[in-house]
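Trainee: coords please:
(chains A and B)
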Amino acid sequence: MTARLRNGQWWMHLFLLGYVVVLLFPLVWLFLSSFKTNREITANTWGLPTSFSFDNYIAAWETANIGKYALNSAYVTIAACVLTLLFAAMTSFAISRMKFKRSNKAVYQFILLGLIVPPGALFIPLYRLIQGIEVFGHPLYDTHWSLILVYCTYALPITVFIIYAFMLSIPNELEEAGIIDGLGASGLFFRVIVPISLPALVTVFILNFIGNWNEYILSQLFITSESLKTLPTGMATFNDGYRTNFASLSAAVIISIVPVLAIYVFLQRQIIEGMTAGSVKG
Amino acid sequence: MNKALKNPITYIAFIIPTLALYAVFFVYPVIVSFYYGFFQWDGITDKMFIGIDNFTRLWEDEVFRKALVNNFYFMAFSLIVNIPLVFLISIIISKVRRMRDFYKSSVFVPVVISTATVAILFGVLYNYDSGMINQFIRLVAPEAWAREWLSDPKLAMLSILIANAWQNIGFFIVLCLAAILNIPKEIVEASKIDGVNGWQETWAITLPLVRPVLFVMLLLTVSGTMKVLDIVQIMTNGGPFQSTEVMSTYMLKVGFRSMELGYGSAIGVAMFMIILVLTGLLQRITKREEVQY
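Mentor: I've put the predicted structure just below:
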């Protein structure tokens, strides 16, 4: 019976392999196109490029500022993720482990409200707000901090939701031992609860990292200076300017995809787990 | 004993940063967007209170209606095409014994690419002269079958939907696959003893038992398609002739191009209400049944 089943599996593999090829072929095609000239893309669509020259990559790198955009994205993304993680972990600890029953419940439910309202409905008031805020006499508008604070805020509900659930499941004995050792609340947090919660923290870090790294609309609304743009916004600007220059465009897209795919190859299990952890966020 | 955990100063210090950010960048904008909705305002001169005129205007606004229809088209396509495809592929992946991880990782690749990049990628693929799609059509069919995918009002929406499906299906497959693989082995084995064959098993056992994940997928699809923005904005920005206009692209145009901040906020409020009603209805219908193994 097993032998029969195994024999019956070839068509399933055929189907799945066919699906994977159709799904990923556009990326292969784009990769090959990125080494061709514009004329070659049209005339020799399917073949290998006649020579593997990096001219398109050099042109894309120089005109599209991709290096600068990627640095900006990395800075904004990491700062927002670290801030989110710190604040969400502190709040989750307070409302899951500390003994303020009524306030805990109220704070938790208040934060969960954020899962209902999509930030997409709030672009106009958010934009006005960012334009109006000044910190120490400097406007917040057109700075990386505008993005960092807003990304952090909108990542908080889902992050608290996940970390809270995890912290709630930690057995009391561990923190009792800590208290006997003379730890205060913040000592318990940093020395006992955070180390135990590491798996949940990694998961939400990845979830937020990918979300912030790919965020486009807010960055387009808040940032006007060319030198401060993040990668998705920079790519979109490049796209508008080079709509007909497919060779450069292909190279630019490949440059922006490669680091992501490289990280994905090494961390696929964690990334898949982290990203799907957010699916409760209906 | 638990004195440490009753320290009010630490407690307040730990929740204040979150609540402060939340109050400024979330609660305030929510309140203000309702408030703006009752005013006519260009952002420069004084606001003028006009009651519910912005909301009644929505009813008569043909562009808004068109945008709403397009959002529903988006949703219908995702429900009718994407979700069955997701089930089909997940079930087949769950049935194969080898290379399961390979398939799972491969289908997830488009998910990690940013939507902005996906939109640009498909802009290249859809190009009339040298895009991959038309070149493929020319390879297997007469030249006349090549199309202006993104500038033909009849095709633009479909082209965006395909790009969107390309990016999103992998995410749902991974969710669905996890649910299928979570079904206890005993149930499947018991059914085999009862003489259930492969496809009967899928219909009678797998599908009913993964209902909760179907619910999650429906919820994500409904809210995701009602607020869809990035991919539409970069690929067509609502054009040609507003054939791909959706609520959020229209909201941004009204708010930032025509500088009608009051009306734009009203569109945002309407969008939020529609999502709330639809997801509420969905929750009613499915009643969130818990599956008992």
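
Trainee: now do the nearest residue to residue B:198 once chain neighbours are set aside, the pLDDT please.
Mentor: The shortest distance from residue B:198 to any non-neighbouring residue, by CB to CB, 6 or more residues apart in numbering or on different chains, is to residue B:95 (7.3 Å). All C-beta atoms are positioned from the backbone trio N, CA, C, and that covers glycine. Residue B:95 is assigned a pLDDT of 87 by the prediction.

Trainee: do you know how far residue B:95 is from residue B:111?
Mentor: Noted for residue B:95: a distance of 22 Å to residue B:111, by CB to CB, to the nearest Å.

Trainee: how is chain A divided into domains?
Mentor: Taking automatic domain parsing as the criterion, chain A consists of the domains A:2-56, A:66-241.

Trainee: next, the buried residues of the helix or strand where residue B:102 lies.
Mentor: Residue B:102 is part of helix B:100-112 when elements are defined by DSSP states H and E. If you call a residue buried by 16 or more other CB atoms under 10 Å in any protein chain shown, then helix B:100-112 has these buried ones: B:103-112.

Trainee: and those near chain A, which?
Mentor: B:103-112 (CB under 8 Å from any CB of the partner chain).

Trainee: make a markdown table from those residues and add distance to residue B:232 and pLDDT to it.
Mentor: Below are these laid out as a markdown table (distance: CB to CB, whole Å; pLDDT from 0 to 100):
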| residue | distance to residue B:232 | pLDDT |
| --- | --- | --- |
| B:103 | 30 | 93 |
| B:104 | 29 | 92 |
| B:105 | 29 | 91 |
| B:106 | 27 | 93 |
| B:107 | 24 | 93 |
| B:108 | 23 | 92 |
| B:109 | 22 | 92 |
| B:110 | 17 | 93 |
| B:111 | 19 | 91 |
| B:112 | 21 | 90 |
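
Trainee: what about the strands in chain B?
Mentor: Secondary structure of chain B (DSSP state E): strands at B:39-40, B:48-49.

Trainee: so which of those strands comes closest to chain A?
Mentor: Chain A sits nearest to strand B:39-40 of all those, at 11.9 Å, using CB to the nearest CB.

Trainee: and the closest one, what other elements does it pack with?
Mentor: Applying 3 or more CB pairs under 8 Å, 6 or more residues apart in numbering or on different chains; DSSP states H and E, one finds that strand B:39-40 contacts strand B:48-49, helix B:53-60, helix B:261-286.

Trainee: lowest mean pLDDT across these, which one is that?
Mentor: strand B:48-49 (a mean of 84).

Trainee: which other residues reach that one?
Mentor: With CB atoms under 8 Å, 6 or more residues apart in numbering or on different chains as the test, strand B:48-49 has contacts from B:38-41.

Trainee: could you identify which of those residues has the most neighbours?
Mentor: Most neighbours among these, by other CB atoms under 10 Å in any protein chain shown: residue B:41, with 22 neighbours.

Trainee: list the residues that contact that residue.
Mentor: Listed by CB under 8 Å, 6+ apart, the contact set of residue B:41 reads B:47-48, B:260-262.

Trainee: buried subset of those residues as a PyMOL selection?
Mentor: In PyMOL, this line selects whichever of the contacts of residue B:41 come out buried by 16+ other CB under 10 Å:
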select buried, chain B and resi 260+261+262
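
Trainee: would you map the strands across chain A?
Mentor: A:134-135, A:138-139.

Trainee: only the buried residues of the lowest-mean-pLDDT helix or strand in chain B, if you could.
Mentor: Lowest mean confidence among the helices and strands of chain B (mean pLDDT, DSSP states H and E): helix B:198-201, at a mean of 76. Buried residues in helix B:198-201, counted by 16+ other CB under 10 Å: residue B:201.

Trainee: so which of the strands of chain A is nearest chain B?
Mentor: strand A:134-135 (11.7 Å).

Trainee: so what's residue A:31 closest to, chain neighbours aside?
Mentor: Closest residue in space to residue A:31, ignoring its immediate chain neighbours: residue A:254 at 5.8 Å, by CB to CB, 6+ apart.

Trainee: likewise residue B:92?
Mentor: residue A:12 (5.0 Å).

Trainee: neighbours of the one you found, just the number please.
Mentor: Residue A:12, neighbours per other CB under 10 Å, totals 16.

Trainee: share the number of residues neighbouring residue 176, please.
Mentor: Using chain A here. Per other CB under 10 Å, the neighbour tally for residue A:176 reads 13.

Trainee: that answer is for a different chain, and I need it for chain B
Mentor: Residue B:176: 24 surrounding residues under other CB under 10 Å.

Trainee: now do the contacts for it.
Mentor: With CB under 8 Å, 6+ apart, residue B:176 has these contacts: B:86-87, B:90, B:210, B:213-214, B:217.

Trainee: what of residue B:95?
Mentor: A:9, A:12, B:198.

Trainee: now do 10 Å
Mentor: Neighbour list for residue B:95: A:5, A:8-9, A:12, A:16, B:180, B:198-199, B:201-202, B:206 [criterion: CB atoms under 10 Å, 6 or more residues apart in numbering or on different chains].

Trainee: same deal with residue B:66?
Mentor: Contacts for residue B:66 (CB under 10 Å, 6+ apart) come out as B:238, B:241-246, B:250.

Trainee: what do you get if the cut-off is 6 Å, keeping everything else the same?
Mentor: B:242, B:245 (CB atoms under 6 Å, 6 or more residues apart in numbering or on different chains).

Trainee: check what pLDDT residue A:149 gets.
Mentor: So, for residue A:149, pLDDT stands at 95.

Trainee: and for the one 4 residues further on?
Mentor: As predicted, residue A:153 sits at a pLDDT of 94.

Trainee: how many neighbouring residues does it have?
Mentor: When neighbours are defined as other CB under 10 Å, residue A:153 has 26 of them.

Trainee: and for residue B:65?
Mentor: Other residues near residue B:65 come to 12 when the count uses other CB under 10 Å.

Trainee: from residue A:200, how far out is it?
Mentor: 44 Å.

Trainee: picking up where we left off before, now the contacts of residue B:95 as JSON lines including distance to residue B:150?
Mentor: Putting the contacts of residue B:95 into JSON lines (distance: CB to CB, whole Å) gives the following:
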{"residue": "A:5", "distance to residue B:150": "46"}
{"residue": "A:8", "distance to residue B:150": "42"}
{"residue": "A:9", "distance to residue B:150": "40"}
{"residue": "A:12", "distance to residue B:150": "35"}
{"residue": "A:16", "distance to residue B:150": "30"}
{"residue": "B:180", "distance to residue B:150": "36"}
{"residue": "B:198", "distance to residue B:150": "42"}
{"residue": "B:199", "distance to residue B:150": "40"}
{"residue": "B:201", "distance to residue B:150": "43"}
{"residue": "B:202", "distance to residue B:150": "38"}
{"residue": "B:206", "distance to residue B:150": "38"}
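
Trainee: domains for chain B, by residue range?
Mentor: Per automatic domain parsing, the structural domains of chain B span B:1-31, B:37-286.
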